[in-house]
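Engineer: I'd like to go over a predicted model; first the sequence, then the structure.
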Amino acid sequence: MDRWRAVTLLVLLFAAPSGIATTPDDADIQRWISAHEQRSHSQELPPARSTVVGDLDGDARHDLAMLYTLKPRAGQSGERRYLAVFKRQRGGARAVLRYHAHVLVGGSGAAEANRVAILNNTVVVEMLTHRAGDPACCPTRPSTRRYRLTPKGLIVVKAAAAAKAGGP
């Protein structure tokens, strides 16, 4: 995605009324999140959504990695933070984003995932985890978790493997 398309997309996303997609890719992503909301009896917290684009599978196409948060509906507690990946694939006249995989990366009483990046075909999630003595609500130890895209989904990359691959 070139810089101007990304800026235009952000402007349209913030200007568009809630629930209205601005591009076909946005509509596909929103449909997938809506289905996840239904399956988990939750609702998304849209301001907590964070996305980044980059090549995850070495095909020179921009894929998308997204952090999003689901909050249980009334009567339940505990928000959950997920990482989802959408791969860019040929779809007729243009390349389209298609859901590939998602994993739970944090939530109430667990790690707190804050930022996502794509480096060296790897999804990097910056998070806070619990130190001894941290209250359940408030992890304070900075941590990084890396995920590699496989045909079957996302797998955690061990620290030693990330160092050999030249990752941060």
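Structural biologist: The structure has been received and is ready for your questions. Please read all numbers here as calculations on a predicted model, not as lab measurements.
Engineer: pull up the pairing partners for the host helix or strand of residue 126, direction included.
Structural biologist: Per DSSP states H and E: residue 126 is located in strand 122-129. Applying DSSP bridges, strand 122-129 is found paired with strand 112-119 (antiparallel), strand 141-150 (antiparallel).
Engineer: what about the last one, average pLDDT?
Structural biologist: Across strand 141-150, pLDDT averages out at 94.
Engineer: name the residues that touch it?
Structural biologist: Contact partners of strand 141-150, identified using Cβ atoms under 8 Å, 6 or more residues apart in numbering, comprise 56-57, 63, 83, 85, 87, 100-101, 103, 105, 111, 121-131, 134, 154-157, 162, 167-168. Every C-beta, even on glycine, is put in place using the N, C-alpha and C of the backbone.
Engineer: quick one: the helix or strand containing residue 85 to strand 141-150, angle?
Structural biologist: According to DSSP H and E, residue 85 maps onto strand 80-91. Angle, strand 80-91 to strand 141-150, by axes from the mean of the first three to the mean of the last three Cα atoms, to 10 degrees: 30 degrees.
Engineer: which elements pack onto strand 80-91?
Structural biologist: helix 24-40, strand 63-72, strand 94-107, strand 112-119, strand 122-129, strand 141-150 (3 or more Cβ pairs under 8 Å, 6 or more residues apart in numbering; DSSP states H and E).
Engineer: could you check the angle the fourth one makes with strand 63-72?
Structural biologist: Pointing back at strand 112-119 there. Using the same axes, to 10 degrees: strand 112-119 against strand 63-72 is 170 degrees.
Engineer: can you list contacts of strand 112-119?
Structural biologist: 50-56, 63, 65-67, 81, 83, 105-106, 123-129, 139, 167-168.
Engineer: can you name the residues that contact residue 61?
Structural biologist: With Cβ under 8 Å, 6+ apart, residue 61 has these contacts: 55, 87, 88, 89, 95.
Engineer: likewise for residue 28?
Structural biologist: Counting by Cβ under 8 Å, 6+ apart, residue 28 has contacts 86, 96, 97, 98, 99.
Engineer: identify the farthest-apart pair in the residues you listed.
Structural biologist: Between any two of the contacts of residue 28, the greatest separation by Cβ to Cβ is 11.0 Å, found for 96 and 99.
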